[in-house]
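Visitor: for reference, the sequence and a predicted model appear below.
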Amino acid sequence: MDFLAQYPLFTALLALVGLAALFGALLGYAAEQFRTEGNPVADEINKLLPQTQCGQCGYPGCRPYAEAIANGEAINKCPPGGAAGIQALATLLDVEPIPLDEDHGAAKNAPAVAFIREEECIGCTKCILACPVDAILGAAKQMHTVISDLCTGCDLCVEPCPVDCIDMISQPESVQTWRWQLPDPVSRRVDIIVTDSVHNAGSRDRAA
Amino acid sequence: MRKTFGFHGGIHLPANKHQSVRTPITAAGIPPELILPLSQHRGAPASPVVTVGERVLKGQLIAAARGVVSVPVHASTSGTIHAIEERLIAHPSGHLAPCIVIATDGQDEWIAHSGTPDYQALDKADLINLIRNAGIAGMGGAGFPSAVKLSVKPDTHIATLIINGTECEPYITADDMLMRECAAHIIEGVKILHHIIAPDETLIGVEDNKPQALAALLDAAQGTGIEIVAVPTRYPSGGEPQLIEILTGKQVPSGGLPSQIGVLCQNIASTVAVFEAVVLGRPLLSRVTTVTGDSVREPQNFRVLIGTPLRYLLEKAGYEAEQNNRLIMGGPMMGCTVPDASVPIVKTTNCLLAPTASELPTPPPAQACIRCGMCAEACPASLLPQQLFWFAQGKEFDKLEHHNLFDCIECGACSYVCPSHIPLVQYYRAAKADILQLRRDHEKAEHSRLRFEARQRRLERAEAEKEAKRAARKQAAEQRAQTAGEEDPIQAAIARANAKKAAQQSNAGTDSALDTWEKAVVTTHTRLATATAKLDEALAQGSDLVEALQGGVDKTRAKLAAAEQALHDYHRSYRAASAGTPPVDAARAALAKAMAARALEAALGPADKARADLEKLQQRLRKAEDMLVQNRINGDEPKVIEALELTIVRLTGKISAAQQQLNTAEDA
């Protein structure tokens, strides 16, 4: 006691060491108790990816790419997601949206689904093994077919087919799939002065 | 008189209803061709149950409902199925849709049908089933299947049943005329709905600009407990949430359903259809449609068969095509422009508007939003249309949803009041469609993700199982090796084989050759016996192994013959040997002779060697020639003679070769 009274510096040191030990223990406990399983950032990113599982990004599926993005991979390697997907990722990660990396394929306009020309199928099951979402039905030496509702249009079954009987068919628009489009912005262009309009210019020439 | 409430916004529009109420409802008659789209409503399209060329009667089911939110389609009149194909329908997309086309026969022959006038005896579910099977979909606008709407969850209590007779949109008078002429049927239909729903109160809301309809309904509803309420004329009082607010003062929660506040709405035209379906047993085959606009000479209401092409109806009303600038199905505010007059009337077509260019001019080009706020004042859903407009332009879907875009009823009041003529509703429709598409995409992505992860897990599991099996096999092998450490089966087998061999060798040295041959004969005999038995069995069963077995038997027989021959030879040689010199000495002598010959040969030079070869060959040739001559004399088989001739030729060749070799050797 006398020693501490004589050297107040040690009192302070002791107090600080004590506090450090206490908070260290608290933090250690919290780290164990409130541990989050998995990578929450990758989960969030994975939710924004289109889940076609096509592997065009160079990763075996959307989840691995999401994890790679979480570890600093570029966000513009997903052609099925397109510009909208990159925008969403940029918003989530608070980075600048960058244009799609065309090395990984161009964005497609119409969604396509695989179709097996059944009379040509030899029943080799190679496409079934390739399908990342189990959307192809069939057995060895039996004809295979694609469940079009489940097909993500990833193209992965086309290459393994030894008889090249798989086509990617884009869905034609029907009454059920048609949707309203934003009004044509051109129609909102207004002729403010007479010379803006070609038609008006012509009539003025005639008048002259 | 019941107290009515107001709703936010709304606009007063020129009604333009007087043109089409001058004459009573006229039957439009039977057109030569009826086009019945398989999808005339929200939900899944119906699936056809008739084939091309089949004759159908009026009221016959031609397409069955598929799923819960779907309604069946019936033949509106008798005739034959002309085609089941894609036809142009009234849809803003201008796409073709599957339709059943009936070539009518003009006989209007009904299929056998019977109603149930004492419907009170029926169960609630049976009544709803009757309504579903009659193909009744909301006849006001959206065309939601009535049966689905009436199937209220059992835990929901409907306090107020509202029948919507407001008909607030300009030009349309179909419901007005129906109320004037069929008030009794309407009240009967309402009674059926009242019986199904069992609400505390039943109200029929009618705008106060239809005094004749109000009077007719009041008259018919005397003593039924159904209350007829006149609501102030203001567009869009006929919107479902708006009418509910006017009559009850309660607001439908955002994104919710009226049943959440204990209200259920039905269209007034649907009540007549319900009456006909339940009491008369007739499915929904016709409806009242207003044909109006300045380009028809006689605007009026028609009772028209579902599927009638617009052109047929327009001609009945005195259509002047050259004056018309566009055809609108529905009213001027919420209707859609149809691409062509060949499209058919469907269950939701309450009006066909054929205006002139001066009557409904093409809207001028849109100008910039000036943020005047008139749209927000007009909006009956208390939304902020200008904000929604900005967000829709920027495709900011989160903000659109946050600003309750989906509460928009697309009434067009905002576009109507907009001084800049911005087609606001089109922006909202596009944004809604985009959001719905996004939701569907997201749902599909979620589904794909789950399937992908399930597959991933399955592959991992399969790999783990394989690994486990491999490990188990390895362990089992190790265990066997350990237990057999003292007594390895392979080593034991080798030892056994060695012992056997040694025993045989030790015997072979002595006079056991005889034993060996005798043993061989005996074992071959037993083998032949078993092989023959197997062959017989196979023959009896007709097995395809017969050939193989036959081959086996033949081979064994040959072996047996060889073994017997060997035994016989042995006996003979043994006897000969025992008579003369012992065989061992004879062999030694032969060996010595051969060695001497070899030594002599080695001592010879190449020329001598060649000469010796030549001599040997010439000797062989002579022998062969002798044999040939003898054979010819004996008259032996030609085959043998041929072979001998061939040998002579070969030997002659060899002799000449040897001669040459000798020459070269001598030269050297």
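Guide: Structure's in. What do you need? Please read all numbers here as calculations on a predicted model, not as lab measurements. Residues are numbered from 1 along each chain as shown, chains lettered A, B, ... in the order given.
Visitor: and residue 55, what does it touch?
Guide: No chain in the question, so chain A it is. For A:Gly55, the contact set (Cβ atoms under 8 Å, 6 or more residues apart in numbering or on different chains) comprises A:61, A:132, A:154, A:156. (Glycine included, C-beta is placed from N, CA and C.)
Visitor: that's the other chain; I wanted chain B
Guide: Taking Cβ under 8 Å, 6+ apart, we find B:Arg55 in contact with B:78-81.
Visitor: for it, phi and psi?
Guide: Torsion angles at B:Arg55 (phi, psi; degrees, to the nearest 10) stand at phi -90, psi 130.
Visitor: got the confidence number for it?
Guide: The model reports B:Arg55 with a pLDDT of 94.
Visitor: same question for A:Ser203.
Guide: Per-residue pLDDT puts A:Ser203 at 41.
Visitor: next one: B:Ala147
Guide: Listed pLDDT for B:Ala147 reads 87.
Visitor: so which residues on the stretch 351-500 of chain B come close to chain A?
Guide: For the stretch 351-500 of chain B, the contact set with chain A under Cβ under 8 Å from any Cβ of the partner chain comprises B:365-368, B:392-393, B:422-423, B:426-427, B:429-434, B:436-437, B:441, B:444-449, B:451-456.
Visitor: on that earlier part again, dump the contacts of B:Arg55 into JSON lines; add secondary structure as well.
Guide: Supplementary listing: the contacts of B:Arg55 in JSON lines, determined by DSSP: H, G, I helix; E, B strand; the rest coil:
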{"residue": "B:Ser78", "secondary structure": "coil"}
{"residue": "B:Gly79", "secondary structure": "strand"}
{"residue": "B:Thr80", "secondary structure": "strand"}
{"residue": "B:Ile81", "secondary structure": "strand"}
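Visitor: which of those residues count as buried?
Guide: Those of these that meet the buried threshold are B:78-79, B:81, by 16 or more other Cβ atoms under 10 Å in any protein chain shown.
Visitor: where does the stretch 351-500 of chain B get nearest to chain A, residue-wise?
Guide: B:Ala433 (3.4 Å; Cβ to the nearest Cβ).
Visitor: count the residues that sit near the closest residue to B:Pro31 other than its chain neighbours.
Guide: Closest residue to B:Pro31 apart from its sequence neighbours, by Cβ to Cβ, 6 or more residues apart in numbering or on different chains: B:Tyr312 at 4.2 Å. When counting by other Cβ atoms under 10 Å in any protein chain shown, one arrives at 21 neighbours for B:Tyr312.
Visitor: follow-up on the earlier one: separate out the buried members of the residues of the stretch 351-500 of chain B next to chain A.
Guide: In those, burial by neighbour count holds for B:366, B:392, B:422-423, B:426-427, B:429-432, B:434, B:444-445, B:448-449, B:451-452, B:455, counting by 16+ other Cβ under 10 Å.
Visitor: next structured bit after the least confident helix or strand in chain B by mean pLDDT?
Guide: In chain B, no helix or strand scores lower on mean pLDDT, DSSP states H and E than helix B:583-603, which sits at a mean of 64. Beyond helix B:583-603 on the C-terminal side, the first helix or strand identified by DSSP states H and E is helix B:606-634.
Visitor: give the contact list for the most centrally placed residue in chain A.
Guide: To find the centre residue of chain A, average its C-alpha atoms and take the closest one (Cα atoms, centre = their mean): that gives A:Leu49, at 2.2 Å. Applying Cβ under 8 Å, 6+ apart, one finds that A:Leu49 lies in contact with A:62, A:65-66, A:78, A:81, A:85, B:445.
Visitor: for these, which one is nearest A:Val163?
Guide: When the contacts of A:Leu49 are compared for distance to A:Val163 (Cβ to Cβ), A:Cys62 wins out at 29.5 Å.
Visitor: mind checking pLDDT for the residue lying closest to that closest one once chain neighbours are set aside?
Guide: Beyond its immediate neighbours in the sequence, the residue positioned closest to A:Cys62 (Cβ to Cβ, 6+ apart) is A:Leu49, lying 4.2 Å away. Confidence per residue is given as pLDDT, and for A:Leu49 that number is 90.
Visitor: chain center to stretch B:120-138, what's the gap?
Guide: Computed by Cα atoms, centre = their mean, to the nearest Å, the chain-centroid distance of stretch B:120-138 equals 32 Å.
Visitor: and that stretch, what's its mean pLDDT?
Guide: The predicted confidence, averaged over stretch B:120-138, sits at 89.
Visitor: what's the answer for stretch A:84-92, then?
Guide: Here the mean pLDDT over stretch A:84-92 is 89, rounded to a whole number.
Visitor: would you mark the buried spots in it?
Guide: Within stretch A:84-92, the residues scored as buried using 16+ other Cβ under 10 Å are A:85-86, A:88-89.
Visitor: the contacts of A:Gly55: which ones sit near chain B?
Guide: Of the entries in the contacts of A:Gly55, those that also sit close to chain B under the rule Cβ under 8 Å from any Cβ are A:61, A:132.
Visitor: among the contacts of A:Gly55, which one has the most neighbours?
Guide: Neighbours were tallied for each of these (criterion: other Cβ under 10 Å), and the maximum of 25 neighbours falls on A:Cys154.
Visitor: which residues touch it?
Guide: Applying Cβ under 8 Å, 6+ apart as the definition, the contact partners of A:Cys154 turn out to be A:52-55, A:80, A:132-133.
Visitor: next, count neighbours for the closest residue to it other than its chain neighbours.
Guide: Using Cβ to Cβ, 6+ apart and skipping the chain neighbours, the partner closest in space to A:Cys154 is A:Cys54 (3.4 Å). By the measure other Cβ under 10 Å, the count of residues near A:Cys54 is 20.
Visitor: what of B:Met334?
Guide: When neighbours are counted by other Cβ under 10 Å, B:Met334 comes out with 18.
Visitor: and it, what does it touch?
Guide: The neighbourhood of B:Met334, defined by Cβ under 8 Å, 6+ apart, consists of B:141, B:169, B:410-412.
Visitor: swap in B:Leu528?
Guide: Taking Cβ under 8 Å, 6+ apart as the contact definition, B:Leu528 lies against B:553, B:556-557, B:560.
Visitor: and for B:Lys153?
Guide: In this structure, B:Lys153 makes contact with B:Ser259, judged by Cβ under 8 Å, 6+ apart.
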